[in-house]
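Undergrad: below are the sequence and a predicted model for it; my questions follow.
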Amino acid sequence: MSKIIMRWFVQVFSRRFAQVRVLIFMALAIVLPARATTFSNASLNGSYSFLINLWTADVNTNEFAIVGVMTFDGAGQGSAVYTQTAAGGMITSGNFSMTYTVNPNGTGKITCAAGLKDQFAITLNSTAGGVAHGVQLLQTNDNKNEVVSGSAVLQSLATETYSLSSLKGNFAFQGNEWTATGKDAEEGFVGILTFDGKGNVLGSYTDMYDGGLTSPTLTAGTYTVNPDGFGGMLFLADNIQFSFALNSASAAGNAKGLQFVVNNSNGYNIVRSGTGLKQ
């Protein structure tokens, strides 16, 4: 065999061998599972807005929703502030302490102590930088034919002090009515809230109520924001009040999302709640 033919054979063989190695590597990358994240109490650290709703078919049970801010220390201890809106617009506010545990697979438990003696099963999600950006919540100490569940969303990885300027721009929002009474009309709504960063808010939305479609506006609204990201809105002319908690803050401390409860229900056994996301 000539040297030219030998050199050509070696080059072709080398290229084919390199291609085979690449294919083998790609096959292994597909077959081998990604390394699983191992969670711990440290995975739940910082402040989270939360929204919890009651699901029930019992007409004698008062509907309720709770919105607030939970704070976890990354070591199994926490606290929270909240506002609860129940049937007929009964509003109560308070705080509670809690302990929590997180299992290696991201499931866990929250046990509330003083102020709200409930227990929740939890599942962490959207982990980044070793900290969960979301938590799903299910109350486990309620033996009635009802479900109390919700979600919590990280406010910020860094400690933030919020103000009116933290809530600025257009936020798309969606909300639903919660009722167990057949005589109460069902309702769902989507729309836009526009905050000026100085305490003023306007809105417009599409509303499906009792099978009818309307497009109301919200005018001359005002809002407040506490340092912990908890706040409220009031549209006096429209007789609508909200409690909300900010979340998903940017590096500059500006909220990208919020969870809310409508505080007034005009005496009916209903609750309205939902979420908002910045456009």
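TA: Everything's here; your move.

Undergrad: next helix or strand past the least confident helix or strand in the chain by mean pLDDT?
TA: Across the helices and strands of the chain, the lowest-confidence element by mean pLDDT, DSSP states H and E is helix 3-31, at a mean of 47. Using DSSP states H and E, the helix or strand that follows helix 3-31 in sequence is strand 45-56.

Undergrad: which outside residues touch the next helix or strand after that following strand?
TA: Counting by DSSP H and E, the next helix or strand C-terminal to strand 45-56 is strand 64-73. With C-beta atoms under 8 Å, 6 or more residues apart in numbering as the test, strand 64-73 has contacts from 44-54, 78-87, 98, 100, 150, 152, 155, 178, 228-230, 243-245, 259-261, 271-273. All C-beta spots, glycine's among them, are computed from the backbone N, C-alpha and C.

Undergrad: narrow these to those in strands?
TA: 45-54, 78-86, 98, 100, 150, 152, 178, 230, 243-245, 259-261, 271-273 (DSSP state E).

Undergrad: any of those buried? List them.
TA: Using 16 or more other C-beta atoms under 10 Å as the burial test, the ones in strands among the contacts of strand 64-73 include 45-54, 78-86, 98, 100, 150, 152, 178, 230, 243-245, 259-261, 271-273 as buried.

Undergrad: check contacts around residue 226.
TA: Counting by C-beta under 8 Å, 6+ apart, residue 226 has contacts residue 162.

Undergrad: then residue 231?
TA: Counting by C-beta under 8 Å, 6+ apart, residue 231 makes contact with 162, 167, 223, 224, 225, 243, 244, 245, 246.

Undergrad: cutoff 6 Å now
TA: With contact taken as C-beta atoms under 6 Å, 6 or more residues apart in numbering, residue 231 is in contact with 224, 225, 244.

Undergrad: can you check residue 150 too?
TA: Per C-beta under 6 Å, 6+ apart, neighbours of residue 150: 51, 52, 53, 137.

Undergrad: state the distance from it to residue 78.
TA: Per C-beta to C-beta, to the nearest Å, residue 150 is found 16 Å from residue 78.

Undergrad: same question for residue 246.
TA: 18 Å.

Undergrad: put the alpha carbons of stretch 269-279 into PDB.
TA: The C-alpha coordinates for stretch 269-279 follow below in PDB (Å, rounded to 0.1, in the frame of the first residue of the first chain):
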ATOM      1  CA  ASN A 269     -70.900  34.400  51.200                       C
ATOM      2  CA  ILE A 270     -68.200  34.900  48.500                       C
ATOM      3  CA  VAL A 271     -64.500  35.800  48.200                       C
ATOM      4  CA  ARG A 272     -62.600  37.200  45.200                       C
ATOM      5  CA  SER A 273     -58.900  36.700  44.900                       C
ATOM      6  CA  GLY A 274     -56.200  36.400  42.200                       C
ATOM      7  CA  THR A 275     -52.800  37.400  41.000                       C
ATOM      8  CA  GLY A 276     -51.100  40.200  39.000                       C
ATOM      9  CA  LEU A 277     -48.000  40.200  36.800                       C
ATOM     10  CA  LYS A 278     -46.100  43.200  35.400                       C
ATOM     11  CA  GLN A 279     -46.300  43.700  31.700                       C
END
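
Undergrad: show me which positions of that stretch end up buried.
TA: In stretch 269-279, counting by 16+ other C-beta under 10 Å, buried: 269, 270, 271, 272, 273, 274, 275, 276, 278.
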